[in-house]
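J.: just to be clear, the model below is a prediction. Sequence and coordinates:
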Amino acid sequence: MRILRHSLKSLSRRAFLHVDARSGFNRLQAAVFHDDYDTVWEAQCCLEDHVQHMNYQKTGNQAKVSPGKTALEILFALQEKGEGSVEIEKMYKEYVEKIDTLTELHLCRGSDDAEKAVEIVLNDRVDVDIPAKSNRTPLMWASTSSSGEFIQTLIDLGADVNAQRPDDNVTPLVVAAHFNNYGAVNILLNHGAQMNIQDNYGEQPLHDSAKQGFFN
């Protein structure tokens, strides 16, 4: 199961970063160019180093428009013409602010490093529910895409499965359901995650999962 989860994550990353031979753009760069907010948002969720890819990965020299430009440079160039997406820029800036507040425990998510998480909590005595920006706990941050083993480790260390972000009342279960992380959903429910907690929009995890088209 862990191998499958890593494989799916790797496939998602490659899908966003693969450079099209004809256009010279990868999917992230093309999404920025075409003002495709939803795809940029998906890339942000799939790419652990989203900021670096926005800042440093350049389009190919064969690109007919914006050759040798990063996604961020493409965005700013479009904005100078009055065409760039303000919403994509806002999302990017908010993500940068969020990343800046992540702790070492949060960052264990990127490699599903359960052993490192145990070391940080037990040896360094870091609170397993240490918050980042908007009270995003490590468990909430991990619920988007981490393996069941990593989720289970955080819970075994005492993570609160019903912790809520104060700005929208979202819980780890809502996050896991939204991103169709079935393994995380199953483990959270088995450890007391509440299905009936509503976010600020009046939605519960099942509503959010159905809205995203996830039914498995």
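T.: Yep, it's here.
J.: quick check: domain ranges of this protein?
T.: 8-100, 103-212 (the TED database).
J.: most packed of the ones you listed?
T.: Comparing these by mean neighbour count (mean count of other C-beta atoms under 10 Å), domain 103-212 ranks first with a mean of 19. (C-beta placed from N, C-alpha, C; glycine too.)
J.: could the domains of the chain be laid out in JSON lines, adding mean pLDDT?
T.: Compiled in JSON lines, the domains of the chain are given as follows (pLDDT from 0 to 100):
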{"stretch": "domain 8-100", "mean pLDDT": "86"}
{"stretch": "domain 103-212", "mean pLDDT": "86"}
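J.: which stretches of the chain form helices?
T.: 2-17, 27-33, 37-46, 50-56, 71-80, 86-100, 104-107, 114-118, 138-142, 148-156, 172-178, 182-190, 205-211 (DSSP state H).
J.: want to try a markdown table for the ones you listed, with distance to residue 199 as columns?
T.: Formatted as a markdown table, these follow (distance: least, C-beta to C-beta, whole Å):
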| stretch | distance to residue 199 |
| --- | --- |
| helix 2-17 | 25 |
| helix 27-33 | 26 |
| helix 37-46 | 17 |
| helix 50-56 | 24 |
| helix 71-80 | 29 |
| helix 86-100 | 18 |
| helix 104-107 | 21 |
| helix 114-118 | 26 |
| helix 138-142 | 12 |
| helix 148-156 | 20 |
| helix 172-178 | 6 |
| helix 182-190 | 15 |
| helix 205-211 | 8 |
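J.: list the contacts of the residue positioned nearest the centre of the chain.
T.: Centroid check for the chain by C-alpha atoms, centre = their mean gives residue 45 as the closest residue, at 2.8 Å. Contacts for residue 45 (C-beta atoms under 8 Å, 6 or more residues apart in numbering) come out as 144-145, 179.
J.: and for residue 159, nearest residue in space, chain neighbours not counted?
T.: Spatially, and ignoring its direct neighbours in sequence, residue 159 is nearest to residue 139 (4.1 Å; C-beta to C-beta, 6 or more residues apart in numbering).
J.: could you check how far the one you found is from residue 191?
T.: Using C-beta to C-beta, to the nearest Å, residue 139 is found at 10 Å from residue 191.
J.: mutual contacts of these two, please.
T.: With C-beta under 8 Å, 6+ apart, residue 139 and residue 191 have common neighbours 155, 161.
J.: isn't residue 194 right up against residue 163?
T.: No. Using C-beta atoms under 8 Å, residue 194 is not in contact with residue 163; the gap is 11.2 Å.
J.: any residues in contact with both of these two?
T.: Taking C-beta under 8 Å, 6+ apart as the criterion, residue 194 and residue 163 both touch residue 171.
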